[in-house]
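Engineer: Here is my input, please return the structure:
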Amino acid sequence: MKTLTIKTILLAFVAIVGFSSLTKADDLKDRNIQYSVNSFVNKIKTGKSADLASILSEDVKFNMSRNGKIMTHGKKEELDFNKKNANVIQQCKVETATLVNTENYSLVKVSSIYEGFTREDFVTLIKTKNDWKITDVTTNFK
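Structural biologist: Below you'll find the model as predicted:
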């Protein structure tokens with residue numbers, strides 16, 4: 001009886017481990033994309049950017065259209081700006097919408113809705129070996 005109980009427990013454990021390893025690649029992809037997007041949104045909403053450096057590619061570009069001019073900066077400038085503005089909480093509602101999602105590419109619109117205007121960030125993510133990195137953020141105001 002004791003052997004049967006041990007075998008049953010062992011079989012149940014193997015079944016659980018086996019089923020958990022059957023997680024779809026798409027589920028894993030979505031979680032990794034979601035982590036990067038959530039970290040970006042957290043930076044916008046709460047000013048907490050501890051994970052920001054890890055989700056940005058080394059050659060990321062931030063493009064902002066203002067008064068008919070396009071202002072562009074890279075990773076170092078973005079991290080410096082966020083360090084200076086750490087923990088600044090924005091009084092806005094943040095919404096995300098996935099516009100394109102393929103095996104190696106995703107385009108997500110992040111809308112920060114303030115009273116009187118909306119800031120839209122179009123965030124491009126590319127799959128690297130182990131995770132998803134933000135490679136481009138284009139900002140528009142409306």
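Engineer: Sketch out the low-pLDDT regions of the protein for me.
Structural biologist: 1-31 (pLDDT under 70).
Engineer: Which parts of it are strands?
Structural biologist: 56-66, 69-73, 93-101, 105-114, 117-127, 132-141 (DSSP state E).
Engineer: Need those in JSON lines (columns: mean neighbour count and distance to residue 49).
Structural biologist: Backbone N, C-alpha and C define where each C-beta goes, glycine included. As requested, the strands of the chain are exported to JSON lines (neighbours: other CB atoms under 10 Å; distance: least, CB to CB, whole Å):
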{"stretch": "strand 56-66", "mean neighbour count": "15", "distance to residue 49": "10"}
{"stretch": "strand 69-73", "mean neighbour count": "10", "distance to residue 49": "15"}
{"stretch": "strand 93-101", "mean neighbour count": "13", "distance to residue 49": "15"}
{"stretch": "strand 105-114", "mean neighbour count": "17", "distance to residue 49": "15"}
{"stretch": "strand 117-127", "mean neighbour count": "17", "distance to residue 49": "14"}
{"stretch": "strand 132-141", "mean neighbour count": "18", "distance to residue 49": "12"}
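Engineer: got CSV for the ones you listed, with distance to residue 38 too?
Structural biologist: Below are those laid out as CSV (distance: least, CB to CB, whole Å):
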stretch, distance to residue 38
strand 56-66, 14
strand 69-73, 23
strand 93-101, 9
strand 105-114, 10
strand 117-127, 11
strand 132-141, 11
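Engineer: Of all the ones you listed, which one comes closest to residue 45?
Structural biologist: Nearest to residue 45 among these is strand 93-101 (5.2 Å), distances taken as CB to CB.
Engineer: Mind giving me the packing neighbours of the closest one?
Structural biologist: Strand 93-101 sits against helix 25-46, strand 105-114, with contacts defined as 3 or more CB pairs under 8 Å, 6 or more residues apart in numbering; DSSP states H and E.
Engineer: Neighbouring strands of the last one in the sheet, and parallel or not?
Structural biologist: Strand 105-114 sits in its sheet next to strand 93-101 (antiparallel), strand 117-127 (antiparallel), going by DSSP bridges.
Engineer: For residue 68, grab phi and psi.
Structural biologist: Main-chain dihedrals, residue 68, degrees, to the nearest 10: phi 80, psi 0.
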